[in-house]
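Enquirer: one predicted model, sequence on top.
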Amino acid sequence: MNWNRAVIGIVIGVVLGLLAGGFVYTQFKKAEAVKPSNATRVVVAATRLDLGTRLQSQHLRLIPWPASDPLPGMFTRVEDCLNRALMVPLVENEPILESKLAPKEGGAGLAAIIPEGMRAVSVAVNEVVGVAGFVAPGTMVDVLVTGSVEGRGGSNSITRAILEDVRVLAAGQKIEQDKDGKPQTVPVITLLVTPEDANKLTMASTQGKIQLALRNTMDTKKVDPPPVPQASLFGGGAPPQKAGPVLASRKAPAPPPEVPYSVEVYRGPKREVDNFPNP
């Protein structure tokens with residue numbers, strides 16, 4: 001008897017499941033058949049697009065978009081996006097927005113992604129300076145320089161951080177990172193800096209030896225570390241002098257004795273010499 005009840009329960013469950021599945025399927029079909037009357041179309045990327053790409057018609061397509069939920073800066077016509085360069089990389093079907101495009105006269109490639117008021121400066125690097133090839137486009141670095149300064153004891157080497165939290169625009173001629181994050185050994189790194197920092201970077205790369213320090217892109221704090229002189233690492237610098245005791249123990253030299261001014265005076269047959277202080 002119990003076995004019959006279990007079988008009946010299973011059959012009823014299967015039937016209810018089939019009915020529910022059929023109902024959901026029917027509703028989905030109805031939803032697909034109904035097209036919203038207030039729909040518009042928005043321009044999206046037809047495929048994955050790299051940073052700096054100048055948009056052409058084959059890069060773009062239109063997809064339906066609810067008119068009641070517009071995107072700020074979206075485009076509804078493909079021709080409004082043509083010949084403008086991307087300031088960010090895009091994935092397939094990502095909407096094209098005004099904020100993602102360079103100005104119409106901005107050109108394409110690296111020049112198009114340099115913000116107004118900033119400069120792109122390239123410096124020569126090797127595998128060591130470029131942090132084993134992990135300094136890639138989009139990463140953030142500090143710039144250290146080692147050079148010589150003139151002091152009392154002659155020329156002394158010193159290392160200091162001249163720039164902090166600087167964005168890498170390009171590694172070699174690539175303005176995008178490797179998709180798998182693999183290191184790229186290149187002879188040149190291009191950094192995004194202010195005009196003032198461009199002068200510092202140029203002076204450091206020509207008159208000293210630079211080193212890049214890779215940092216976490218989320219770590220934007222500037223710490224301004226103190227310079228490190230060579231003497232503090234290897235010794236050999238002049239020992240500091242204690243100004244107080246040393247100066248106190250030194251006596252000023254005694255002034256030379258004054259020579260009196262002598263005048264011979266004759267009083268009758270008697271000769272006398274009178275001494276007067278020297279004026």
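Expert: On my side now, so go ahead.
Enquirer: alpha carbons only for contacts and neighbour counts from here, please
Expert: Will do.
Enquirer: what sits up against stretch 128-137?
Expert: For stretch 128-137, the surrounding residues in contact (C-alpha atoms under 8 Å, 6 or more residues apart in numbering) are 127, 141, 167-171, 174-177, 182-186, 189, 210-214.
Enquirer: rerun at 7 Å
Expert: Under the contact criterion C-alpha atoms under 7 Å, 6 or more residues apart in numbering, stretch 128-137 has outside partners 127, 168-171, 175-177, 183-185, 211-212, 214.
Enquirer: go on, stretch 103-123?
Expert: Identification of contacts with stretch 103-123 by C-alpha under 7 Å, 6+ apart yields 52-54, 84-85, 87, 102, 188-195, 198, 205.
Enquirer: ok so, going back, of all the contacts of stretch 128-137, which two lie farthest apart?
Expert: The span of the contacts of stretch 128-137, defined through C-alpha to C-alpha, is set by Glu176 and Gln211 at 21.8 Å.
Enquirer: give me the buried entries from the contacts of stretch 103-123.
Expert: The neighbour-count criterion (16 or more other C-alpha atoms under 10 Å) marks 52-54, 84-85, 87, 102, 188-194, 198, 205 among the contacts of stretch 103-123 as buried.
Enquirer: from those residues, which ones fall inside helices?
Expert: In this view, the buried ones among the contacts of stretch 103-123 that belong to helices under DSSP state H are 198, 205.
Enquirer: hmm, which two among the buried ones among the contacts of stretch 103-123 are most spread apart?
Expert: Arg84 and Ser205 (34.2 Å).
Enquirer: could I get the full set of helices for the stretch 51-200 of the chain?
Expert: Secondary structure of the stretch 51-200 of the chain (DSSP state H, counting those that start in this stretch): helices located at 195-207.
Enquirer: break this protein down into its domains, please.
Expert: 39-112, 117-234 (automatic domain parsing).
Enquirer: just send the ones you listed back as JSON lines, with mean pLDDT too.
Expert: JSON lines is the format used below for the domains of the chain (pLDDT from 0 to 100):
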{"stretch": "domain 39-112", "mean pLDDT": "86"}
{"stretch": "domain 117-234", "mean pLDDT": "84"}
